[in-house]
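> Give me a 3D structure for the following:
(one chain, ligands or ions: 1)
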Amino acid sequence: MKTVLSGIRPTGNLHIGNYYGALINFLKMQEENKCYFFIADWHSLTTHPDPALLHVNVGNVLSEYLACGLDPEKATLYIQSDVPEIAELYLLLNMHAYLGELEKTVSFKEKARQNPNNVNAGLLTYPVLMATDILIHNADYVPVGKDQEQHLEMTRNYALRFNHKYGVEYFKQPAAYNFGQELIKIPGLDGSGKMGKSEGNCIYLVDEPKVIEKKVKKALTDNGPAGLNAPKPECIENLFTIMRVVSSPETWQHYNDLWNRAEIRYGDFKKQLAEDIIRVTTPIRERINDIKGNDAYLRKVTREGAEKARESAGKTLREVREIMGFKAF
Ligand code: TRP
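All right, here's what the predicted structure looks like:
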């Protein structure tokens, strides 16, 4: 059985791109692996979130994860800041992370350029904290997007460096979890690129039906097919991509035939698309809203998650302390 770990920063609501791109795969992973799914609230501190908002966002992601079917009985679901062992291992690993390599990290350079007035030490050592998250449970696999690949590479370096420095074979080399064919990228509604919070082209899992209808209605389209069997422009291809995951194969085929016969009417097409998105998201939205208000349940889930996470993290930390020479008299 392999150990899989995934972290998410609590910065907003999950959208259908997150659902099809990651969560559906997590549901399968939790059946077959030892999974750690956690909310990286310490990581989100680099941008100094408002404390009240931070708490709301943590509650949102947690409720959304649970509503999508992540099962606290099968996986370890926890909040990073509930596991103080992570902070201590982070301190220890920081001693082996060098300024030069941290300054060269792509994500650091980008953030520093975007916010020159907030280049804090936490931002610089963000990859060390992420490496700690991964190494503290000795994860075999980490599902990461392109933007996180360099951080995973650095994690492997820190693991190797630690092993080498202390002459041990302690940390494993975590690998990117490859969804292969199964990875579905959901495009945005604005005609190009993928669905993303900062692009403002999302349909959120908590969006009410009326909101979804409005967003789909406003999605970018062109003037219609140029002739029989015309190639689809990107904005239309994107809507068909979403339809492929939310609608039945027959529905997709129907509208694809209409496109090929140059008889498609975007109004009908979008109405169908919105209806099918609403059909998929409605039960999830209802569960999210139930769970979000249920503090007793969230408290129980986070307490039990923290307990399990701390057990695994504590074991690693004890062993690392020993290796580094922190021993009891
Ligand atoms: N840096 C990741 C992101 O922004 C979140 C994250 C933190 C993470 N710690 C992690 C992801 C450990 C995977 C493993 O998306």
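
> Quick check: Gln30 touching Ala75?
Yes. Gln30 is within contact range of Ala75, at 4.3 Å (criterion: Cβ atoms under 8 Å). Heads up, the C-betas are built off the backbone N, CA and C, glycines and all.

> Show me the common contact partners of these two, please.
Applying Cβ atoms under 8 Å, 6 or more residues apart in numbering, one finds that Gln30 and Ala75 are jointly contacted by Phe37.

> what does stretch 313-323 rub up against?
By Cβ under 8 Å, 6+ apart, stretch 313-323 touches 83, 85-86, 88-89, 92, 135-138, 166, 168, 170, 327.

> Please list which of those also come close to the ligand.
Restricting these to those touching the ligand (Cβ under 6 Å from any ligand atom) yields no residues.

> Just send the residues you listed back as JSON lines, with pLDDT, secondary structure and neighbour count too.
Formatted as JSON lines, the contacts of stretch 313-323 follow (pLDDT from 0 to 100; DSSP: H, G, I helix; E, B strand; the rest coil; neighbours: other Cβ atoms under 10 Å):
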{"residue": "Val83", "pLDDT": "98", "secondary structure": "coil", "neighbour count": "26"}
{"residue": "Glu85", "pLDDT": "98", "secondary structure": "helix", "neighbour count": "20"}
{"residue": "Ile86", "pLDDT": "99", "secondary structure": "helix", "neighbour count": "24"}
{"residue": "Glu88", "pLDDT": "98", "secondary structure": "helix", "neighbour count": "17"}
{"residue": "Leu89", "pLDDT": "98", "secondary structure": "helix", "neighbour count": "23"}
{"residue": "Leu92", "pLDDT": "98", "secondary structure": "helix", "neighbour count": "17"}
{"residue": "Leu135", "pLDDT": "98", "secondary structure": "helix", "neighbour count": "24"}
{"residue": "Ile136", "pLDDT": "98", "secondary structure": "coil", "neighbour count": "26"}
{"residue": "His137", "pLDDT": "98", "secondary structure": "coil", "neighbour count": "23"}
{"residue": "Asn138", "pLDDT": "97", "secondary structure": "coil", "neighbour count": "17"}
{"residue": "Tyr166", "pLDDT": "98", "secondary structure": "helix", "neighbour count": "13"}
{"residue": "Val168", "pLDDT": "98", "secondary structure": "coil", "neighbour count": "12"}
{"residue": "Tyr170", "pLDDT": "98", "secondary structure": "coil", "neighbour count": "15"}
{"residue": "Lys327", "pLDDT": "94", "secondary structure": "coil", "neighbour count": "7"}
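
> sorry, back to before: between Gln30 and Ala75, point out the one with more neighbours.
Ala75 (24 against 21; other Cβ atoms under 10 Å).
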